[in-house]
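>>> this is the structure alone, sequence omitted:
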Ligand code: GH3
Ligand code: MG
Ligand code: MG
C-alpha cells in the first residue's frame, strides 16, 4: 500500500451519507474528496488520481453499471466499491452481474466501510502486480515447530518463492489482513489455535487462497475437516524437499487456473450484460421515431391492433385522433427545414404531455400525428382534441434564439362507438376523412366523423377490405 495517505473519492447524492462517510474515512487515515453526482465524480476522476472510489449505485444522473464501467475505462486498477441500498438478494444479483466488485450495503457501518476499503486496496495492489505475482506466488508458512518452519523457509528460499513465516495462529491472521498471500502452508496443530481455524479465516478473507496442510499422523476425521474448510492438499511429516516443492507447484498451477477462470467468467458476465442492454436499446429503437422520440408508424399500427382486440373482447370503446399541422410547408419554406424539425420535436412532447400515460402517441408520418385513446368514446375524444388545439394555440414554438412562432393544427376524430365502425381500417379511414373535412372547413379545428356520417364511403371501404 502507499506510504502516504491513500485518497478516496466518494460519489453519493445524499448529503448525510457524504458527511458520515467522509468522517469515517478521514478518521481511518484516508484523504477524502466528495462528489454529489455521477458526472461530477467522473470529472474529478479525470483531473486527479484516486486509490479508491466509493460510489452509490443509484445516482440521479448516471446509473450504477454505467458509472462502474466509466470508472473502469478511465482507471482500470482503481479500487471500486459500490454502495447499494438493496435487500441482500438484489445486491447478490448486482454483484454477480458486475463481477468481483466490492459492495457496501446501506445503512453503512464505519467498521465495515474501513475493512471493505482495506481489502479492496490490498487486492488492487495485487492486481497492479498481476503479472509479476503470477510468476511468483506469495506464501505464508505457519508452524509452531521451529525446525519445520526453518526447514520450509530454506526450501522456499532455494526455490525462489516469496514467503513470510510465523509461529502461531494469531500472528498468521494479522499477516493475512495486511498482505495478500496466494498460498498458506499451515500446521494442523498450532500452539494457540487449530490450523483449521486459520484456514477458515484466511478463506473468508481471500477465497482463492491455496491451502496446504502439514500434519503428523493424521486421523481420517481431521483430514476430512481440513478438506471441507477449503484445504487443497496435505503433507505428512517428516517433510521431504521434493514432495513439498511438487505440491506447491501443483497448488500454484491450480491457483492460476482458478484466477483465469474467474477472469473469463467476469468478462463473460460483462459481455452478456452489455448484450442485454444493447438488445433493449435495439428494440426501443425499432419502435421509436428518430426525430420526436414518439412511437413510430409501425408501432402505432401494432398498438392499434392490440387495443382493438381488447375492445372486441371486453366491449369497450376506443378512439383515434389524427392531427396534421396547418400550412407546415410554409414554416419550412420561411425558416428552413431544421426549424421545422424543431417545431415537430416540441409538438411531440406537447402531445405526450397532453394525454394520459395509458394513451399512445405516435408520429404517423411527416407532420401528421396519431393518438390512440383507450376507454374513450368519440365525444370525449373531441373534447380532448379541442384541449390539444388550445394548448397548441397558446404555445410559442422556438425557431431560433430570438424567434418564436405560433402554429395551428387540424384534427380528425373517430371512435368505435360510431355506427358502422367495426374494423381498424374503417376507424382510421374515418378519422382521416374527418381530418380532411377539418382542413376543408378552414383548418385549426376538430372534426368528428360522427357528425359527418357519410356512411356510403364506409361501405365502399368495407367492400375493398373484403376483397383482400
Ligand atoms: P396543410 O395545412 O394542408 O396540411 O398544409 P401543409 O403545408 O402542412 O401540408 P403539405 O402536405 O403540403 O406539406 C407537408 C409539409 O410537411 C411538407 C414537408 O416538407 C413537411 N414535412 C414533413 N415531414 C417533415 C419533417 O420531418 N421535417 C420537416 N422540417 N418538415 C417535414
Ligand atoms: Mg399539414
Ligand atoms: Mg400532411
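Received, thanks. Note that the coordinates shown come from a computational prediction; the quantities given were computed from them, not determined experimentally. Residues are numbered from 1 along each chain as shown. Ligands and ions are numbered 1, 2, ... in the order given.
>>> going forward, measure contacts between C-alpha atoms and count neighbours the same way
Fine.
>>> check which helix or strand covers the residue nearest to the spatial centre of the chain.
Centroid check for the chain by CA atoms, centre = their mean gives residue 65 as the closest residue, at 3.7 Å. Assigned by DSSP states H and E, residue 65 belongs to helix 64-74.
>>> quick check: residues of the stretch 251-400 of the chain near ligand 1?
324-329, 332, 337-338, 340-341, 366-367 (CA under 6 Å from any ligand atom).
>>> try 8 Å
The stretch 251-400 of the chain comes close to ligand 1 at residues 291, 324-332, 336-344, 365-368, as judged by CA under 8 Å from any ligand atom.
>>> what about the residues you listed, which are in helices?
328-332, 337-344 (DSSP state H).
>>> quick one, strands of the stretch 151-300 of the chain?
162-166, 183-187, 210-215, 233-236 (DSSP state E, counting those that start in this stretch).
>>> just the strands in the stretch 351-468 of the chain please.
Under DSSP E, counting those that start in this stretch, the stretch 351-468 of the chain gives strands at 360-365, 368-374, 397-400, 403-405, 409-415, 446-448.
>>> once you drop chain neighbours, what's closest to whatever residue of the chain ends up closest to ligand 2?
For the chain, the residue closest to ligand 2 is residue 325, as judged by CA to the ion, at 4.2 Å. In space, and not counting its chain neighbours, residue 325 is closest to residue 409: 4.2 Å by CA to CA, 6 or more residues apart in numbering.
>>> then residue 161?
residue 136 (6.0 Å).
>>> which residues of this structure lie near ligand 2?
Contact residues, the chain versus ligand 2 (CA under 5 Å from the ion): 324, 325, 326.
>>> residue contacts, the first one?
Neighbour list for residue 324: 367, 368, 369, 409, 410, 411, 435 [criterion: CA atoms under 8 Å, 6 or more residues apart in numbering].
>>> could I get these as CSV with pLDDT and neighbour count?
Formatted as CSV, the contacts of residue 324 follow (pLDDT from 0 to 100; neighbours: other CA atoms under 10 Å):
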residue, pLDDT, neighbour count
367, 97, 18
368, 98, 17
369, 98, 24
409, 98, 23
410, 98, 26
411, 98, 31
435, 97, 28
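>>> closest to residue 386 among the residues you listed?
Residue 386 lies nearest to residue 411 out of the contacts of residue 324, by CA to CA, at 8.7 Å.
>>> tell me, how many residues neighbour the residue nearest to residue 161?
14 (other CA atoms under 10 Å).
>>> make 843 the starting number, not 1.
New numbering, starting at 843: the last item is residue 978.
>>> by mean pLDDT, point me to the weakest helix or strand of this protein.
helix 1297-1309 (a mean of 45; mean pLDDT, DSSP states H and E).
>>> and the pLDDT for the residue nearest to the centre of the chain?
Residue 907 is assigned 71 on the pLDDT scale.
>>> how much space between it and residue 882?
As judged by CA to CA, to the nearest Å, residue 907 and residue 882 stand 16 Å apart.
>>> longest helix anywhere in the protein?
What stands out as the longest helix in the chain, according to DSSP H, is helix 1083-1129.
>>> helices or strands next to it in the packing?
In this structure, helix 1083-1129 makes packing contacts with helix 930-940, strand 1052-1057, strand 1075-1078, judged by 3 or more CA pairs under 8 Å, 6 or more residues apart in numbering; DSSP states H and E.
>>> lowest average pLDDT across these?
For the helices and strands packed on helix 1083-1129, where the average pLDDT is lowest is helix 930-940, sitting at a mean of 56.
>>> neighbouring strands - and their directions - for whatever helix or strand comes next after that one?
Downstream of helix 930-940, the first helix or strand assigned by DSSP H and E is strand 944-947. Partners of strand 944-947 in the sheet, by DSSP bridges, are strand 921-926 (parallel).
>>> pLDDT averaged over the partner strand - what is it?
Here the average pLDDT along strand 921-926 is 85.
>>> can you give the distance of it from its chain's centre?
14 Å (CA atoms, centre = their mean, to the nearest Å).
>>> next one: stretch 1140-1157
33 Å.
>>> pick out the residue of the stretch 1193-1310 of the chain closest to ligand 1.
Scanning the stretch 1193-1310 of the chain for the residue nearest ligand 1 gives residue 1208, at 3.2 Å (criterion: CA to the nearest ligand atom).
>>> likewise the stretch 893-1042 of the chain?
residue 903 (30.2 Å).
>>> need the phi and psi values for residue 1079.
Note on residue 1079: its backbone torsions stand at phi -70, psi 150 [degrees, to the nearest 10].
>>> low pLDDT regions in this protein?
Of all residues in the chain, those with pLDDT under 70 make up the ranges 843-845, 928-943, 965, 967-977, 1108-1109, 1112, 1296-1310.
>>> how is it carved up into domains?
When the chain is parsed into structural domains using automatic domain parsing, the resulting residue ranges are 849-968, 972-1103, 1139-1309.
>>> export the ones you listed as TSV, with columns for distance to residue 1122.
Output for the domains of the chain, formatted as TSV (distance: least, CA to CA, whole Å):
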stretch	distance to residue 1122
domain 849-968	15
domain 972-1103	28
domain 1139-1309	16
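>>> out of those domains, which gets nearest to residue 1118?
Closest among these, using CA to CA: domain 849-968, at 11.4 Å.
>>> ok now that closest one, how far from the chain's centre?
Offset of domain 849-968 from its chain centre (CA atoms, centre = their mean): 15 Å.
>>> and what of stretch 1005-1024?
With CA atoms, centre = their mean, you get 38 Å for stretch 1005-1024.
>>> buried sites along that stretch?
Using 16 or more other CA atoms under 10 Å as the test for burial, stretch 1005-1024 gives 1005-1011, 1014-1015, 1017-1019, 1021-1024.
>>> can you list contacts of it?
Residues outside stretch 1005-1024 that contact it (CA under 8 Å, 6+ apart): 961, 964-965, 968, 979-988, 991, 995, 998-999, 1032-1037, 1040, 1043-1044, 1047-1048, 1050-1052, 1097.
>>> wait, the residue nearest to residue 1167 touches residue 1286, no?
Yes: using CA atoms under 8 Å, residue 1251 is in contact with residue 1286, at 5.0 Å.
>>> shared neighbours of these two, anything?
Joint contacts of residue 1251 and residue 1286 (CA under 8 Å, 6+ apart) are 1168, 1231.
>>> quick one: residue 1244 from residue 1238, how far?
Residue 1244 is 12 Å from residue 1238, by CA to CA.
>>> please enumerate the strands of the stretch 843-992 of the chain.
Under DSSP E, counting those that start in this stretch, the stretch 843-992 of the chain gives strands at 849-853, 873-877, 894-898, 921-926, 944-947, 980-984.
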